[in-house]
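Engineer: need a 3D model of the sequence below.
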Amino acid sequence: MVKAIMIAGFVAACGFLGTIKAGELKERIVLLEDFRRMLLYLKGKINYFREPLTTMVETDEKNGRSKAFKLLIEAGTALSEKNDEMGQIWGQEADRIYNGTPLTESDMEIIRYPGCFLGQTDWQNQQASFDYLEQRLENQLAEAGQVYASRGPLYRKIGFFAGGLAAIIFI
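Structural biologist: Have a look, this model is predicted:
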């Protein structure tokens, strides 16, 4: 009886590990979509109000629950407190906030990219940079969706299969 419970627990644990790995793939998509939402918000604020980044984040801290909006708030706060360049501040804050997430290095390049053009070019070049970034982000989201669709179920099945295989070995 104890042996059966241990085997069932082992199968469930391996299946749970596969489910966690599949969840990381889904979390990557959620983080990229959140960043896209923040990017569209930021583009709209710059386009319609033409406010500086430091005043934008002071009025919109209600969105600070997501990592992308937290990045916007922290970068704007650090920009007003420090005397560094936007690219350096944005990159440091992005690395700090997204540390330990399942984002790939190419995802992080996209997230760090706004620091290269925010507040450093004229309005038209910023809009062109936003369009370029949106296109790259769409491609990255499509790739992440394909990876999740193909590997997500595979990870779950492999987890339960490995647990079942180990159970057969223990029997």
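Engineer: what residues does the residue nearest to Lys82 when sequence neighbours are not counted make contact with?
Structural biologist: Nearest in space to Lys82, with sequence neighbours left out and distances taken as CB to CB, 6 or more residues apart in numbering, is Ile89 at 6.5 Å. C-betas here are computed from N, CA, C, even on glycine. Going by CB atoms under 8 Å, 6 or more residues apart in numbering, Ile89 touches 75, 78-79, 82, 115.
Engineer: report the buried members of those residues.
Structural biologist: Among these, those classed as buried by 16 or more other CB atoms under 10 Å are 75, 78-79, 115.
Engineer: lowest-confidence entry in these?
Structural biologist: Minimum pLDDT for the buried ones among the contacts of Ile89 is recorded at Leu79 (80).
Engineer: which stretches of this structure form helices?
Structural biologist: Under the criterion DSSP state H, the chain carries helices at the ranges 2-48, 53-59, 67-81, 86-97, 105-112, 114-117, 123-170.
Engineer: hey, least reliable of those by pLDDT?
Structural biologist: Among the helices of the chain, helix 53-59 scores lowest, with a mean of 54.
Engineer: circling back: can you name the two of the buried ones among the contacts of Ile89 that are farthest apart?
Structural biologist: Ala78 and Gly115 (11.1 Å; CB to CB).
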